[in-house]
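Colleague: Turn this into a structure:
(one chain, ligands or ions: 1)
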Amino acid sequence: MLKVIQLDKTYGSDKHSLQSVDFTAQPGEVTAIIGPSGAGKTTILRSINQLIRDDSGQILLDDQDIRQANKAELRKIRHHIGMIFQNYNLISPLTALENVLHGRLGAKSTIAGMLGLYSDAEKTEALELLKEVGLQDYAYQRCDQLSGGQQQRVGIARALMQHPKMILCDEPIASLDPKSTKIVMDILRQLAREKQLIILINLHQVDIAMEYADHVVGINSGKIVFTGPTSDVDDTVLQNIYRQTDTSESVVSANEN
Ligand SMILES: Nc1ncnc2c1ncn2[C@@H]1O[C@H](COP(=O)(O)OP(=O)(O)OP(=O)(O)O)[C@@H](O)[C@H]1O
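Modeller: Numbers count the residues shown, from 1 in each chain. Here you go, the predicted structure:
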């Protein structure tokens with residue numbers, strides 16, 4: 001389980017971007033973080049794997065506080081956290097298979113990684129993962145010749161190659177058409193269920209969050225204003241999450257552990 005407790009982040013001296021952020025995300029579930037532009041969604045994801053250093057709080061992944069990890073421990077923890085990005089972050093001239101194999105880089109020695117030395121077992125696994133995301137026929141195609149939706153699926157296979165406990169997805173469908181959006185979201189939900197992964201997704205599209213998420217975290221101006229099952233999200237909750245001004249201090253919480 002992921003537990004974020006009292007997380008605070010200030011950019012510069014006065015830009016308070018996260019204020020006492022508390023939420024949990026469970027294995028086997030899709031958890032969507034929703035909120036207006038600038039609310040702090042990306043800052044939360046980047047804090048979780050310590051791409052940015054937050055100021056205070058706890059980030060517990062299976063009871064290990066990521067914030068307290070030393071460099072070697074952090075490298076190990078990060079290896080089990082997959083990342084999915086809006087712009088896919090693939091290496092364009094390389095094939096889909098080569099990009100998926102890059103998911104193993106964190107587990108290899110620098111030399112083996114630099115020389116692109118992968119075992120037959122790793123290649124077989126990468127091909128299997130491409131099959132899982134429906135891209136078995138594209139393994140040897142350069143990534144810049146794939147559609148956006150196909151590239152995002154390569155990104156998912158690359159994350160799976162890390163044998164993740166958790167996948168953090170930052171606006172994974174923002175550049176995709178509705179058909180590709182459905183394919184990608186169906187895959188993410190299925191992965192959560194079948195592999196018991198924690199899937200945490202920043203989303204701008206409320207309708208997609210409502211359709212695919214089991215759990216919703218609503219944030220406005222750096223503060224959590226709702227956390228609970230998707231079935232508890234109604235118009236009042238959405239108005240609170242997307243309100244223009246930061247006048248309300250109300251926090252709606254349902255069935256939190
Ligand atoms: N590197 C930075 N330096 C200073 N302020 C930053 C930095 N990164 C983000 N911020 C500020 O922190 C706040 C939260 O930003 P963040 O990108 O986390 O929001 P978001 O909810 O992901 O927004 P969007 O939906 O538009 O991507 C914003 O006010 C933003 O301007």
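
Colleague: Do a quick rundown of the helices in the stretch 51-200 of the chain.
Modeller: Along the stretch 51-200 of the chain, counting by DSSP state H, counting those that start in this stretch, helices occupy 71-79, 96-101, 110-114, 120-132, 148-160, 178-195.

Colleague: want to try JSON lines for those helices, with distance to the ligand and mean pLDDT as columns?
Modeller: For the C-beta atoms, the positions are set from N, CA and C on the backbone; glycine is no exception. What follows is the helices of the stretch 51-200 of the chain, written out as JSON lines (distance: least, Cβ to the nearest ligand atom, whole Å; pLDDT from 0 to 100):
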{"stretch": "helix 71-79", "distance to the ligand": "19", "mean pLDDT": "92"}
{"stretch": "helix 96-101", "distance to the ligand": "25", "mean pLDDT": "95"}
{"stretch": "helix 110-114", "distance to the ligand": "29", "mean pLDDT": "64"}
{"stretch": "helix 120-132", "distance to the ligand": "28", "mean pLDDT": "96"}
{"stretch": "helix 148-160", "distance to the ligand": "17", "mean pLDDT": "97"}
{"stretch": "helix 178-195", "distance to the ligand": "17", "mean pLDDT": "97"}
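
Colleague: In TSV, list these along with mean neighbour count.
Modeller: Listed next are those as TSV, based on neighbours: other Cβ atoms under 10 Å:
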stretch	mean neighbour count
helix 71-79	14
helix 96-101	26
helix 110-114	11
helix 120-132	16
helix 148-160	25
helix 178-195	17
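
Colleague: Now render these as CSV, adding distance to Leu61.
Modeller: Formatted as CSV, the helices of the stretch 51-200 of the chain follow (distance: least, Cβ to Cβ, whole Å):
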stretch, distance to Leu61
helix 71-79, 7
helix 96-101, 24
helix 110-114, 24
helix 120-132, 22
helix 148-160, 15
helix 178-195, 16
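
Colleague: Tell me where this structure is predicted with low confidence.
Modeller: Low-confidence segments of the chain, defined by pLDDT under 70: 13-14, 108-116, 245-257.

Colleague: near the ligand, which residues of it show up?
Modeller: 11, 15, 17, 35, 37-43 (Cβ under 6 Å from any ligand atom).

Colleague: Now the buried members of the residues you listed.
Modeller: A residue is treated as buried here by neighbour count (16 or more other Cβ atoms under 10 Å); on that basis the buried members of these are 17, 35, 39-43.

Colleague: Distance to Leu105 and secondary structure added to those, as JSON lines?
Modeller: Below are these laid out as JSON lines (distance: Cβ to Cβ, whole Å; DSSP: H, G, I helix; E, B strand; the rest coil):
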{"residue": "Ser17", "distance to Leu105": "30", "secondary structure": "strand"}
{"residue": "Gly35", "distance to Leu105": "32", "secondary structure": "coil"}
{"residue": "Ala39", "distance to Leu105": "32", "secondary structure": "coil"}
{"residue": "Gly40", "distance to Leu105": "30", "secondary structure": "coil"}
{"residue": "Lys41", "distance to Leu105": "27", "secondary structure": "helix"}
{"residue": "Thr42", "distance to Leu105": "23", "secondary structure": "helix"}
{"residue": "Thr43", "distance to Leu105": "26", "secondary structure": "helix"}
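
Colleague: Pick out the most distant pair among those residues.
Modeller: Checked with Cβ to Cβ, those reach their widest spread between Ser17 and Gly35, with 11.9 Å between them.

Colleague: Which residue does the stretch 51-200 of the chain have closest to the ligand?
Modeller: Of the stretch 51-200 of the chain, the residue with the smallest distance to the ligand, taken as Cβ to the nearest ligand atom, is Glu171 at 6.8 Å.

Colleague: Next, the contact list for the residue nearest the centre of the chain, please.
Modeller: Centroid check for the chain by Cα atoms, centre = their mean gives Leu168 as the closest residue, at 1.3 Å. Contacts were defined as Cβ atoms under 8 Å, 6 or more residues apart in numbering; by that measure Leu168 touches 45, 48-49, 81-84, 200.

Colleague: Quick check on those: which are buried?
Modeller: Buried positions within those, assessed by neighbour count (16+ other Cβ under 10 Å), are 45, 48-49, 81-84, 200.
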